[in-house]
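J.: Need coordinates for the below:
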Amino acid sequence: MVRKISKYLMLLLLITGCSFPGLGKNVSENGIVIASGNTTERQILSEIVSQMIMHYIPSANTSLINNLGSTLLIVQSLEKEYANISGAMYTGTSLTGELGLASTTDPKEAMKGVVEGYANQYDSIWFPSYGFENTYAFMVTKDIADKYQLINVSDLEKVKDKIRVGVDNAWIKRQGDGYEQFKTIYGFELEHINSMEIGLVYNAVYANKMDVVLGYSTDGRIASYDLVLLVDDKKLFPPYETSPVVTKKILRIYPELETILLKLEGEISSGQMQELNRQSDDEHLEPYTVAKNFLEENNYFESKNVVPLVDRTLYKALIQDVLPLVKEKQ
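T.: Next comes the predicted model:
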């Protein structure tokens, strides 16, 4: 059974530190609790994680907290032990966000930073990537791309006084890879810039209410609307590889989680994630159904062998307090 908890109630709990029956301080007593977000992608990935766990550990009481409105709320849910797994975390977001580290355009350095940072600051294991990254991307319709000969983001400079640009509200003041850094790296300002909810930008550019928008590179509407992604030729945006995160506490209780989650490593490409998002956004399939179909098509990756974390240089020193117990129980 998957329980879904209102984002408003969850926010109140996180702010006040209160609890209620079924979501107590020690979530391990209630089994495995997965914190999800309010984006289609995070909900699909959290469902994939949830259903993988229910497939391999049917005896566990697995529940899902959906619609948490930000990465910060997801992190707080792990910290306060309202949840013990996040289905989807992004390297670039967490590196410069809650970890407060310097931005980097090197995917390996970004992954190293979040793996070490989460182990040290949050007593959690940041697992290897699902196989795709979801980064910010400037995008246009084919008509606009042809009209202004747009290929790279730097090409926007020649039409900066003509184009209407729609961007995510949060990006305007975002540190590290936001608008201020854009102006520094690309050397020009966007003269007609409009901030809006990230979910509205795709319809805005498709309906010709905007000429250029900043969205997420794996959003399903990119394919549906036949949008063109402009190349980030000056490397403004850091890597945003996507991974599950698991607290060490729950990994000690359910050591099987290591193998279960490693079965998902490298199994979802950017194109596949975009298609999964499209199925939910355009075909209006529930994230649960999208995840179920994906896992059934891949037979829950039952035949896949994995390389244990203890055999990986990046992880070995960070999980010494977990793996002895894991080996003992497996």
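J.: host element of the residue lying closest to Lys112 once chain neighbours are set aside?
T.: Leaving aside its chain neighbours, Lys112 sits nearest to Leu314 (6.2 Å; criterion: C-beta to C-beta, 6 or more residues apart in numbering). All C-beta spots, glycine's among them, are computed from the backbone N, C-alpha and C. Taking DSSP states H and E as the criterion, Leu314 maps to helix 313-316.
J.: what's around Cys147, how many residues?
T.: Careful, residue 147 is Lys and not Cys. The number of residues packed near Lys147 is 13, by other C-beta atoms under 10 Å.
J.: Could you pull out the strands in the stretch 101-250 of the chain for me?
T.: 124-126, 136-140, 165-168, 193-196, 212-216, 228-229, 242-247 (DSSP state E, counting those that start in this stretch).
J.: got the ones you listed as a markdown table, with mean pLDDT columns?
T.: As requested, these are exported to a markdown table (pLDDT from 0 to 100):
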| stretch | mean pLDDT |
| --- | --- |
| strand 124-126 | 98 |
| strand 136-140 | 97 |
| strand 165-168 | 96 |
| strand 193-196 | 96 |
| strand 212-216 | 97 |
| strand 228-229 | 98 |
| strand 242-247 | 98 |
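J.: and of these, who's closest to Asn66?
T.: strand 242-247 (15.5 Å; C-beta to C-beta).
J.: Not counting that closest one itself, show me its contacts.
T.: 41, 45, 49, 78, 81, 84-91, 118, 122-130, 132-134, 257, 261, 264, 273 (C-beta atoms under 8 Å, 6 or more residues apart in numbering).
J.: switch to 7 Å and redo it
T.: Defining contact as C-beta atoms under 7 Å, 6 or more residues apart in numbering, one finds that strand 242-247 is touched by 49, 78, 84-90, 118, 123-130, 132-134, 257, 261.
J.: Just the buried ones from those, in PyMOL syntax?
T.: Here is the PyMOL selection string for the buried members of these, based on 16 or more other C-beta atoms under 10 Å:
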select buried, resi 49+78+84+85+86+87+88+89+90+118+124+125+126+127+128+129+130+132+133+134+257+261
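J.: who are the neighbours in contact with the nearest residue to Asn120 once chain neighbours are set aside?
T.: Spatial nearest neighbour of Asn120, chain neighbours left out: Leu318 (7.9 Å); criterion: C-beta to C-beta, 6+ apart. Going by C-beta under 7 Å, 6+ apart, Leu318 touches Val115, Glu116, Ala119.
J.: so what pLDDT did Leu323 get?
T.: pLDDT for Leu323: 58.
J.: again, but for Glu258
T.: Value for Glu258, per-residue pLDDT: 97.
J.: Quick one: name whatever helix or strand follows the helix or strand hosting it.
T.: For Glu258, the enclosing helix or strand under DSSP H and E is helix 256-262. For helix 256-262, the succeeding helix or strand toward the C-terminus, using DSSP H and E, is helix 270-281.
J.: Could you give the separation of the lengthiest helix in the chain from the chain centroid?
T.: Secondary structure assigned by DSSP state H gives helix 40-56 as the longest helix of the chain. Put simply, helix 40-56 sits 13 Å off its chain's centre (C-alpha atoms, centre = their mean, to the nearest Å).
J.: Paired strands for the helix or strand following that helix, with orientation please.
T.: Going down the chain from helix 40-56, the next helix or strand is strand 62-68, by DSSP H and E. Applying DSSP bridges, strand 62-68 is found paired with strand 32-37 (parallel).
J.: looking at it, Asp233 is touching Ile151, isn't it?
T.: No - the criterion here is C-beta atoms under 7 Å, and Asp233 misses it with Ile151 at 8.5 Å.
J.: what stretches of the stretch 151-300 of the chain score poorly on pLDDT?
T.: By pLDDT under 70, the stretch 151-300 of the chain has no low-scoring segment.
J.: partners of the closest residue in space to Val167 that isn't next to it in sequence in the sheet?
T.: Nearest residue to Val167, sequence neighbours excluded (C-beta to C-beta, 6+ apart): Leu214, at 4.2 Å. On the basis of DSSP bridges, Leu214 is bridged to Phe138.
J.: can you tell me which residues contact Leu214?
T.: Counted by C-beta under 7 Å, 6+ apart, Leu214 has contacts Tyr136, Phe138, Val167, Asp168, Trp171, Val201.
J.: And Gly131, by the same measure?
T.: The contact partners of Gly131, taken as C-beta under 7 Å, 6+ apart, are Gly266, Glu267, Ile268, Ser269.
J.: Asn120: neighbour count?
T.: As a burial measure, Asn120 scores 11 neighbours (other C-beta under 10 Å).
J.: Same check on His284?
T.: Counted with other C-beta under 10 Å, the neighbours of His284 add up to 8.
J.: The one 4 residues further on now?
T.: Other residues within reach of Tyr288 by the criterion other C-beta under 10 Å amount to 19.
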